[in-house]
Each structure stands twice: as C-alpha cells, then as structure tokens.
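1. A structural model of the following input is requested.
(chains A and B)
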Protein chains: 2
Amino acid sequence: MLYAGICNTDLELQRGYYGFRGTPGHEFVGEVLEANDRAWVGERVVGEINLACRRCEWCARGLGRHCPKRTVLGIVNHPGAFRELLTLPEHNLHRVPRRIASEDAVFVEPLAAACEILDQVQIPRGATVGVLGDGKLGLLIGQVLKAHGAEVHQYGRHKEKLRIAADRGIDARIIRKNMPKAAYQWLVDATGSGDGLRQAVGMTKPRGTVILKSTMHGLVPVDTAPVIVNEITLVGSRCGRFEPALRLLQNGRVDVRPLISEVIPLKWAKAAFKQAAAPGVLKVMLQS
Amino acid sequence: MLYAGICNTDLELQRGYYGFRGTPGHEFVGEVLEANDRAWVGERVVGEINLACRRCEWCARGLGRHCPKRTVLGIVNHPGAFRELLTLPEHNLHRVPRRIASEDAVFVEPLAAACEILDQVQIPRGATVGVLGDGKLGLLIGQVLKAHGAEVHQYGRHKEKLRIAADRGIDARIIRKNMPKAAYQWLVDATGSGDGLRQAVGMTKPRGTVILKSTMHGLVPVDTAPVIVNEITLVGSRCGRFEPALRLLQNGRVDVRPLISEVIPLKWAKAAFKQAAAPGVLKVMLQS
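-> Model (predicted):
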C-alpha cells in the first residue's frame, strides 16, 4: 500500500454497525510486490474491491460486484488496505497511468462509485441534475455529472466545501429550509441522512428519479406517499467500474486534489480515523 | 351514479389520514344525464379521476394524472361518486362497451392503476414476476401481469383470496416467514404495509425492480442498505390510463367478478364502509 483513503463506510465499520472485525480499507493505491503473472510486479495499481467467484450468472454478465459469493476488500471477509501489505486477485487490478499522481489514484474507487450513476440511469447531456450533499462522495458525483455534460446544482451545508464545486463551474447552493419543490427530473441523494432522502423526494418532479448514493445504517423513515403519488423512481447505487474513473482522472476532467484534507502516516491510523470523523474534514489519507 | 366501489383509499380518507372533507368515491360507473355535447347524454360511462388543467407541460405530454393544478374526484377538491349525481369534464369520460356489465365497469379505475405498471416498467413477456399481496389491487395486478404474458407468483395471507388468483392460472403462494431471497427481477408490493416493502426488497434480485403499489400513510421505516448494496430500483406507481383496462374487461382477459364481495344500496353507505373494512372482504359496491 502506498496511500489509502478513509471513507465514511470505514467510520461506520469502526462504530460497529456491520459487526465488522479485521482490517478495514478499500480505497488504495499500491505497488505490486508479488504476483503469479510476473508482469504485474513493480506496477503501481488500484484494485476493484469486490472479489467475485467468476462463475455465477452475475459474474458472466460482468456484474461481479453483485456476485452472491463475493467477499469485499476491507468490508466483507477480506482484509483491507489499511496496512503495509494486502492481497487481491490479479484480475481485480488496474495499472495506474503515469499521469495520475498516487494521491489522486486513491480516489479511483469512490469516483467509480460516482460514475456508476451513469451506468444505471440514462441522463441526457445538457440535463439539469440536482446533487444533495457536499461531502466527499457528493463532490465527486457533482464533478462526474458535470463532466458528463449535465447542468449540476449542488446543494450542501458547508460554504467551504461548496466552493470546491463552484471552482469546477458547478452551480453550488446552500441547503435552506425551503428547497425547490418538484424541480428536478434527476436528483442524487448523497447526504448520508434520512432527512436528505425525504428532501430529495420533495425536490423531484413527478415521474422523476432519485439516485440513492448514501450509506445509511438502520431503518430510515420514508414517506412513501409522495413516491407513489408522483410515481418517483428511487435507484439504489453502489460500486462502479474503474475504467471510467481512471479516464476522468487521466484527462483531468475531474479534480480530486481539493478533496484531500490530510495525509497521515499509517502508524498514526487511530488519529487519522479521529480526524476523518471531524466536522468539515474531507478525505484523510494514510501513507504507508 | 349506477355503481361505485369502495377502495382502501376511501377507508383511509374516512379515518382522516389526508384531512379530507366532502363526498369520497372515485371508482364508479354512471349514466350521463347532462352534457354540453348532447351525444354523451344517456351513455353509460366511467371517468378518469384526475381533473387536469390541460394547459401545462404535464397535460401536453398526456400526463394530466400529474398535472400540478389537478383536482381528483373524491380525493382532492372535487366531490366524489358516492352520491346519486356527480360531475366530471366530458374529456374525462369513457363509454363503457355493451359487453362489459356495469358492476364490472366499476373496476376500470383500479384496473387502470394495475395496468400503469406496464406503462412504467418494461417487463418482457414470459418473465417471472412476484406480486406481494392478495387484496383487491393485488389480485387485479396479478391478472394484468398474467394477461401480459408474465409468469406470476402471487403471495398472500388468505387462502380464499389466493384461490381467485389460482383460478386464473396464477401460481398462488401463502406468505411464510422465510420468503425466497433475491429471487425476482420484478416484484410488485401491493400489501399496503411497511413490512411488505421490506419483504419485497429482500425478495428482489440485485439490479431488480420493486414496484410500489401500496397506499401507506405516514412514515414507513425502510432499510435502505439492501436497496443500495443490491442496487435495487423502487418505482412508485399510481393511476393509469383507462383504455387498456377497458380492453382487458372487454376481451375477458381479466375477470373481476370474483372480487365483488357485496353490493349495498347507497343509502346504507355507512354500513357498506364498515363492511368494506372487515377482514376477508374484497370489493364492496354501492348501488344508486
């Protein structure tokens, strides 16, 4: 491991929400030390986090991310990236092009998750899309949709985070009590809160689509009446393919650098976790 | 009004969930007594329940059902069908073909709501579809999907209601504690309960679709984690076009007769409401 990023999921694993035990960490860039195929050795790589069986119907359809037998790096039954050495199958690896700095490559995994939206939902170029939330994932989603050609309205509670979006030409707006009603055909909820989901439903036009991009633990109270009355579609969205994310970093259409709050040595991981959970902090990275 | 059907929404209006005052009733068949266009007079008709402005972008797209200025027969600011005389704009009316009995025509509105699923979600003929719920709407949905060419698995808690589905060649199954996990690409929740929605999500394959066809009041606790992890799509679904419903009744591909529990004179409406709310009872109709 060269660098690894702390994600909100890691903070939730630490809080014990999923009964997780072991080494967390699923956003990383590393150097290959050993491999069956010697061509990998010495390469700088990122790695897809789902370890799929490669035999089931899901794997056959290229959706190993949904393989029912999968383990998941640092999340489900496979030790994660927050340590010097980690393992992944070779077919999970992607070489990192020279143009991409190692710190930036750490963002390939969450950026792929942001790109997943465009794999699931057809959003025409030029369409107006709302993004609720100005956290790490929300800011990546805003940039991905902007790069796709959408007109993005990014809503958040933090001026300094919204400035990162605004600097990329995104229309950034503070979340207020009265949000626009039935205003968006497409709306991404990346708030990580049940309030956000309720708000998102209210902001979506009849027959519109809300993309659920928030990790929330436990039961979220949802008012299903407006979903049904307005025939709104809710689309759950998780991990994505790495290729489009690598492309966006390589051609500079997404800038992840302003999202890095701190780089902290791996031996201070405990302090880094604390820092990652502090208000106003974006990406905290561990360096091996 | 000749006949009018009591729907679960009417029972909820009676319970005060939507602050409704006035005459309820939105499922009906009637005879036209007066009209600007004299050709309507004497015709036996059913009527679309949304009174749209006919000028906005929704109306222009043929989606007056989502017109933001609409009133709704017996539900929102327009007196309903549970009385001798009611009014609707002429363009809301549909002539009832002679082959369709008046009692059956009362089902056009809920049958259109069942057909709406096929307007929203592409379900290939021959696909297996789960339907959760054996209430009035659930049983109509099962028949509509069966007529569409789907292989329907209808789940319910009531043997006698499931028999109606089984008599139509539908694979009818009692809801048990352990339901099939991740088994359906398409699943309709017509249970009218939050439990049903949770169960539906668990029964749906990754990347599958749950169609929300239940009226539920208040906040429903939803575990969003499996929706996101399995990238499930939830589609809210409400009213539909009347044409496909009339066609299904006319060609006999849907049989609504077994769904009629009782026909009660309008003057005994209070007792009829009580009866409609009793366990095991399906459609209770008022006769003018």
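
2. quick check: nearest residue in space to A:His217, chain neighbours excluded?
-> Spatially, and ignoring its direct neighbours in sequence, A:His217 is nearest to A:Tyr17 (4.3 Å; C-beta to C-beta, 6 or more residues apart in numbering or on different chains). All C-beta spots, glycine's among them, are computed from the backbone N, C-alpha and C.

3. pull the number of nearby residues for the one you found.
-> 15 (other C-beta atoms under 10 Å in any protein chain shown).

4. SS state for it?
-> Counting by DSSP: H, G, I helix; E, B strand; the rest coil, the backbone at A:Tyr17 sits in coil.

5. now the host helix or strand of A:Ser261: buried residues?
-> For A:Ser261, the host element (DSSP states H and E) is strand A:260-265. For strand A:260-265, the neighbour count (16 or more other C-beta atoms under 10 Å in any protein chain shown) marks A:Ile260, A:Ser261, A:Glu262, A:Ile264 as buried.

6. repeat for stretch A:56-73
-> Those would be A:Cys56, A:Trp58, A:Cys59, A:Leu63, A:Gly64, A:Arg65, A:His66, A:Cys67, A:Arg70, A:Val72, A:Leu73, for stretch A:56-73 by 16+ other C-beta under 10 Å.

7. low-scoring stretches of chain A, by residue?
-> By pLDDT under 70, chain A contains no weakly predicted segment.

8. near chain B, which residues of the stretch 151-288 of chain A? Just list them.
-> Contacts of the stretch 151-288 of chain A with chain B, taken as C-beta under 8 Å from any C-beta of the partner chain, map to A:182, A:197, A:206-207, A:212-238.

9. now, of those, which are buried?
-> Neighbour counting with 16+ other C-beta under 10 Å marks A:182, A:197, A:206-207, A:212-216, A:219-220, A:222-238 as buried within those.

10. list phi and psi for the spatially most central residue of chain A.
-> Geometric centre of chain A, nearest residue: A:Pro110, 3.0 Å, by C-alpha atoms, centre = their mean. Note on A:Pro110: its backbone torsions stand at phi -60, psi -30 [degrees, to the nearest 10].

11. so which of the buried ones among the residues of the stretch 151-288 of chain A next to chain B are in helices?
-> Among those, the members found in helices (DSSP state H) are A:Leu197, A:Thr224, A:Ala225, A:Pro226, A:Val227, A:Ile228, A:Val229.

12. what's the farthest-apart pair in these?
-> Farthest-apart pair in those is A:Leu197 and A:Val229; separation 16.4 Å (C-beta to C-beta).

13. which ones are touching A:Phe82?
-> A:Met1, A:Ala4, A:Asp10, A:Thr23, A:Pro24, A:Gly25, A:Gly74, A:Leu266, A:Ala269, A:Leu286 (C-beta atoms under 8 Å, 6 or more residues apart in numbering or on different chains).

14. next one: A:Gly236
-> Contact analysis of A:Gly236 by C-beta under 8 Å, 6+ apart lists A:Leu212, B:Thr224, B:Pro226, B:Val227, B:Ile228, B:Val229, B:Asn230, B:Glu231, B:Ile232, B:Thr233, B:Leu234.

15. and the fourth one, what is it in contact with?
-> Contacts here follow C-beta under 8 Å, 6+ apart; on that basis B:Val227 touches A:Leu212, A:Leu234, A:Gly236, B:Val201, B:Leu234.

16. can you show me the helices along chain A?
-> Using DSSP H, the helices of chain A run over A:8-14, A:57-60, A:102-105, A:108-120, A:136-148, A:159-167, A:194-203, A:224-229, A:242-250, A:269-276.

17. which helices and strands sit right next to the longest strand along chain A?
-> For chain A, the strand with the greatest residue count under DSSP state E is strand A:204-212. With contacts defined as 3 or more C-beta pairs under 8 Å, 6 or more residues apart in numbering or on different chains; DSSP states H and E, the packing partners of strand A:204-212 are strand A:184-189, helix A:194-203, strand A:233-236, helix B:224-229.

18. nearest to B:Leu85, of those?
-> Of all the helices and strands packed on strand A:204-212, it is helix A:194-203 that lies closest to B:Leu85, at 37.3 Å by C-beta to C-beta.

19. what comes up buried for the closest one?
-> Neighbour-count burial for helix A:194-203 flags A:Gly194, A:Gly196, A:Leu197, A:Arg198, A:Gln199, A:Ala200, A:Val201, A:Gly202, A:Met203 (criterion: 16+ other C-beta under 10 Å).

20. which residues touch the residue lying closest to A:Glu84 once chain neighbours are set aside?
-> Leaving aside its sequence neighbours, A:Glu84 sits nearest to A:Ser288 (C-beta to C-beta, 6+ apart; 5.3 Å). By C-beta under 8 Å, 6+ apart, the contact set of A:Ser288 is A:Met1, A:Leu2, A:Tyr3, A:Ala4, A:Glu84, A:Leu266.

21. what's the closest of those to B:His78?
-> The shortest approach to B:His78 among these belongs to A:Ala4, at 60.3 Å (C-beta to C-beta).

22. my guess is the closest one meets A:Met285, correct?
-> Yes. A:Ala4 lies in contact with A:Met285 (C-beta atoms under 8 Å); the separation is 6.6 Å.

23. give me the common contacts of these two.
-> Taking C-beta under 8 Å, 6+ apart as the contact rule, A:Ala4 and A:Met285 both touch A:Val106.

24. what are the phi and psi values at A:Gly22?
-> Per degrees, to the nearest 10, the backbone of A:Gly22 is at phi 120, psi -160.

25. what's around it, how many residues?
-> 13.

26. now swap in A:Arg241 and tell me
-> Neighbourhood size, A:Arg241 [other C-beta under 10 Å]: 16.

27. go through the contacts of A:Ser288 and name the one nearest A:Leu187.
-> Distance to A:Leu187 across the contacts of A:Ser288 (C-beta to C-beta) is lowest for A:Ala4, with 31.3 Å.

28. neighbours of that closest one, how many?
-> Using other C-beta under 10 Å, A:Ala4 is surrounded by 30 other residues.

29. spell out which residues of the stretch 1-150 of chain A are next to chain B.
-> Residues of the stretch 1-150 of chain A lying near chain B by C-beta under 8 Å from any C-beta: A:Trp58, A:Leu63, A:His66, A:Pro68, A:Gln120.

30. and the fourth one, what does it touch?
-> Meaning A:Pro68. Contacts for A:Pro68 (C-beta under 8 Å, 6+ apart) come out as A:Cys56, A:Trp58, B:Ala182.

31. do the third one as well
-> A:His66 sits next to A:Trp58, B:Pro206, B:Arg207, B:Asn230, B:Glu231 when contact means C-beta under 8 Å, 6+ apart.

32. need these in a markdown table with distance to B:Gly42, can you?
-> Shown next, in a markdown table, are the contacts of A:His66 (distance: C-beta to C-beta, whole Å):
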| residue | distance to B:Gly42 |
| --- | --- |
| A:Trp58 | 60 |
| B:Pro206 | 55 |
| B:Arg207 | 52 |
| B:Asn230 | 55 |
| B:Glu231 | 54 |
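
33. just the closest of those to A:Lys136, please.
-> Closest approach to A:Lys136 among these (C-beta to C-beta): B:Glu231, at 20.2 Å.

34. surely the closest one meets A:Ser237?
-> Yes. B:Glu231 is in contact with A:Ser237 according to C-beta under 8 Å; the separation is 5.9 Å.

35. got any residues that touch both of those two?
-> Shared contacts of B:Glu231 and A:Ser237, defined by C-beta under 8 Å, 6+ apart, are found at A:Gln120.

36. next, count neighbours for the closest residue to A:Asp104 other than its chain neighbours.
-> With sequence-adjacent residues excluded and distances taken as C-beta to C-beta, 6+ apart, A:Asp104 is closest to A:Val256, at 5.2 Å. Here the number of neighbours of A:Val256 (other C-beta under 10 Å) works out to 27.

37. ok, now how distant is the closest residue to chain B within the stretch 51-200 of chain A from B:Val41?
-> Per C-beta to the nearest C-beta, the residue of the stretch 51-200 of chain A with the smallest distance to chain B is A:His66, at 3.8 Å. Distance of A:His66 to B:Val41, computed by C-beta to C-beta, to the nearest Å: 59 Å.
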